[in-house]
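K.L.:
For reference, the sequence and a predicted model appear below.
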Amino acid sequence: MPGWQDIDPAQLLPVLPVIWAWSYERDSGEFTGRLLGDRIPAVAGRSITGLSMAEYYQGWNYEEIYAVRRRIVDEPAIGLERGQVFRANGQIGLGERLMLPLARDGRHADTIIGATSFELRPDFLAETTVSSSGNVPSNDAAPACYLGGTTSEFFPL
């Protein structure tokens, strides 16, 4: 498995606006924001850099977000989400999210790097959202902001 040190930033320039990364601390089970392309904060409202995942996704469907990212580092696996990949601030993002594990030692994932390619649309159905499991929660159960694809696939390494 490649590590962060194996990435050539110059090669990422064309896609950098949609790239994001979270460092993972295996002992504590916590993720810390490392990198966020400039197109994504325009939707979410701020950068992830230096923030814990729990802090950044407060008010979102954090438990589901965390569980998916843990699966990427624990199995390890490649994750692919498609469809409605987020809902925030009266907009939805339709597209795809690719999530890849990275490992400094080549074996134990310690970072997730991802890319979320999306097209913004008005959220005409703001009272409901579709979870990655395909469930449509009631208005009372829907978080203010939502992250996850309409469909999700995982490919163990």
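P.N.:
Great, that's in hand. Numbers count the residues shown, from 1 in each chain.

K.L.:
which residues touch Arg34?
P.N.:
With contact set as Cβ atoms under 8 Å, 6 or more residues apart in numbering, Arg34 has these partners: Ala21, Trp22, Ser23, Ile48, Thr49, Thr111. C-betas here are computed from N, CA, C, even on glycine.

K.L.:
quick one: strands adjacent to the helix or strand that the first one is a member of?
P.N.:
Under the assignment given by DSSP states H and E, the secondary-structure element containing Ala21 is strand 19-25. Paired with strand 19-25 in the same sheet, following DSSP bridges, are strand 30-36 (antiparallel), strand 111-122 (antiparallel).

K.L.:
so which of these is the most packed in?
P.N.:
strand 30-36 (a mean of 19; mean count of other Cβ atoms under 10 Å).

K.L.:
Extract the residue ranges of this protein that are flagged as low pLDDT.
P.N.:
Scanning the chain for pLDDT under 70 picks out 41-44, 125-144.

K.L.:
Which parts of it are helices?
P.N.:
9-12, 41-44, 53-56, 62-74 (DSSP state H).

K.L.:
Mark which of the contacts of Arg34 are buried, thanks.
P.N.:
Burial by neighbour count, judged by 16 or more other Cβ atoms under 10 Å, picks out Ala21, Trp22, Ser23, Ile48, Thr111 from the contacts of Arg34.

K.L.:
Among those, which one lies nearest to Gly3?
P.N.:
Distance to Gly3 across these (Cβ to Cβ) is lowest for Thr111, with 7.5 Å.

K.L.:
what's near enough to touch the residue lying closest to Thr111 once chain neighbours are set aside?
P.N.:
Leaving aside its chain neighbours, Thr111 sits nearest to Leu102 (4.1 Å; criterion: Cβ to Cβ, 6 or more residues apart in numbering). For Leu102, the contacting residues are Met1, Pro2, Gly3, Trp4, Asp6, Ile7, Ala21, Ala109, Asp110, Thr111, Ile112, Ile113, by Cβ under 8 Å, 6+ apart.

K.L.:
Verify the stated contact: Leu12 with Ile19.
P.N.:
Yes: using Cβ atoms under 8 Å, Leu12 is in contact with Ile19, at 6.0 Å.

K.L.:
which one of those two has more residues nearby?
P.N.:
Remark: of Leu12 and Ile19, Ile19 carries more neighbours, 21 against 15, as counted by other Cβ atoms under 10 Å.

K.L.:
now the more buried one: how far from Arg82?
P.N.:
Remark: distance between Ile19 and Arg82 (Cβ to Cβ, to the nearest Å) = 18 Å.
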